[in-house]
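Visitor: this one's sequence-less:
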């Protein structure tokens, strides 16, 4: 073999290796688009109706404004049986989610609904309740939930009318009530509760506020954790954290110390390390800064958590952004702080952006990148894509100082800080600071209503 041929072979092998390496580094869960057929996995499996062989297709993907899921579709060529399911591919969330939707018009019936196996559905107006783990997870619509319930109740009705006519008549009357929901003769409420936190109802106005839908988060009970397979270890010898003697590790030593602990990359789940350090922000309080860099995929995350407790009152900052100087203000956003821009009718909940120490401009850029990264792209209808693009263009005009807006930061825990441009740290003309008393719902979300601060060594 000549040297030229050897060089060609080596070059070809290097190109194939580079191509294989690039393919290996592609994320498993990609955004929904029209060219995802190469990610579909086909598995031969048994049909549950005729017990012949059928094909199950699996598609790992990301749902916009939500998280990773695996879509499953089964079809049997022998008997024609078909089945579709959805399973959450993300981890169990720290808290459960409760979503209440007021269904007022026909477009609300077409809202996308993502239900995990651990979700329950309730429609109080017709006394309908679908318990946890009674149905498989699915991607459907509000109308699809009602239609699936009607189909389930209609099964064996013909036989039931012969054997138990009274029960069949009651079921027929209830099915008529469900059909009236689809006709929207009267508005109704759909309550979706998921103890794993992995369910979702589409907001067609996103990223603007949807006044017909209310989302709340709650702490799971011990029974709910056990239902999810989460068990507490009560044996002291199995605890990861061991008590230390008093004054063995003074708090002053933590200020100059960078601590490391093992974790998994939130992007590719490969084991990596998180660096953590305590620092003091002038005119505010101590905070904990955490940074993670994954050596496998290069993913980077930065997060800031308050080093103090919950303040007696919540705090609300209103920042008028009119010139370049306003974009340079330092901002400490805690993980309990929600954001709003009234001029754009935009609300960002506390769980959308993690705690971070940045500037006003950095906060706006992070909001813009998250919105652009969760667009529906090819899977959306044309009006939805046009509305989102108009919103992003307006957001770009704000960053270019072509429009004046007000940024509102509301933190019920009181652990958020916005820098004043005055030398004495008093609020300047474009900064308004309000302290307010928390509502019962605010305390419930912070876990303060069930907190016992006296005689806590006894059983509550």
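Guide: Arrived safely. Being a predicted model, the structure only gives us computed values, none of them experimental.
Visitor: a helix runs through residue 168, doesn't it?
Guide: Yes. Assessed with DSSP: H, G, I helix; E, B strand; the rest coil, residue 168 lies in a helix.
Visitor: contacting residues for it?
Guide: Neighbour list for residue 168: 157, 160, 161 [criterion: Cβ atoms under 8 Å, 6 or more residues apart in numbering]. Quick note: C-beta positions are derived from backbone N, CA and C, even for glycine.
Visitor: dump the residue contacts of the last one.
Guide: I take that to be residue 161. Counting by Cβ under 8 Å, 6+ apart, residue 161 has contacts residue 168.
Visitor: same question, the second one
Guide: For residue 160, the contact set (Cβ under 8 Å, 6+ apart) comprises 167, 168, 171.
Visitor: Residue 396 is in contact with residue 403, correct?
Guide: No. In this structure residue 403 lies outside contact range of residue 396 using Cβ atoms under 8 Å: 9.7 Å.
Visitor: Which one of these two is surrounded by more residues?
Guide: residue 403 (15 against 12; other Cβ atoms under 10 Å).
Visitor: I'd like the contacts of residue 160 as TSV, with distance to residue 261 appended.
Guide: Output for the contacts of residue 160, formatted as TSV (distance: Cβ to Cβ, whole Å):
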residue	distance to residue 261
167	59
168	61
171	56
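Visitor: what about the stretch 151-300 of the chain, any weak spots by pLDDT?
Guide: 232-256, 282-284 (pLDDT under 70).
Visitor: Parallel or antiparallel, which strands does the helix or strand that residue 290 is a member of pair with?
Guide: According to DSSP states H and E, residue 290 maps onto strand 286-293. With DSSP bridges as the test, strand 286-293 is paired with strand 271-280 (antiparallel), strand 300-306 (antiparallel).
Visitor: List the buried residues of stretch 122-132.
Guide: Within stretch 122-132, the residues that count as buried by 16 or more other Cβ atoms under 10 Å are 122, 123, 128, 130, 132.
Visitor: among the residues you listed, which two are most distant?
Guide: The most widely separated members of those, counting by Cβ to Cβ, are 123 and 132 (15.9 Å).
Visitor: So for residue 213, what's the nearest residue that isn't a sequence neighbour?
Guide: residue 101 (4.9 Å; Cβ to Cβ, 6 or more residues apart in numbering).
Visitor: Surely the one you found touches residue 109?
Guide: No. Counting by Cβ under 8 Å, residue 101 sits too far from residue 109 to count as a contact (10.6 Å).
Visitor: and for the two, which residues touch both?
Guide: Contacts common to residue 101 and residue 109, judged by Cβ under 8 Å, 6+ apart, are residue 142.
Visitor: Which stretches in the chain count as helices?
Guide: With DSSP state H as the criterion, the chain has helices at 3-25, 106-109, 142-154, 157-163, 165-183, 222-227, 252-255, 324-327, 360-373, 382-399, 440-446.
Visitor: closest to residue 418 out of these?
Guide: Closest approach to residue 418 among those is made by helix 360-373 (7.9 Å; Cβ to Cβ).
Visitor: and the angle from the closest one to helix 382-399?
Guide: Orientation note: helix 360-373 sits at an angle of 170 degrees relative to helix 382-399 (axes from the mean of the first three to the mean of the last three Cα atoms, to 10 degrees).
Visitor: So what touches helix 360-373?
Guide: With Cβ under 8 Å, 6+ apart, helix 360-373 has contacts from 207, 319, 321, 326-329, 331, 333, 339, 348, 352-353, 356, 358, 388, 391-392, 395-396, 398-399, 407, 418.
Visitor: Tell me the buried residues within those.
Guide: 207, 319, 321, 326-327, 329, 331, 333, 339, 348, 352-353, 356, 358, 388, 391, 395, 398, 407, 418.
Visitor: Could you dump the strands paired with strand 286-293 into TSV and include distance to residue 75 and mean neighbour count?
Guide: Shown next, in TSV, are these (distance: least, Cβ to Cβ, whole Å; neighbours: other Cβ atoms under 10 Å):
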stretch	distance to residue 75	mean neighbour count
strand 271-280	38	15
strand 300-306	40	17
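Visitor: Figure out which of those is closest to residue 142.
Guide: strand 300-306 (34.7 Å).
Visitor: ok, residues contacting the closest one?
Guide: 266, 285-294, 332-335, 354-357, 413, 415.
Visitor: List only those of these flagged as buried.
Guide: 287-290, 292, 294, 332-335, 354-357, 413, 415.
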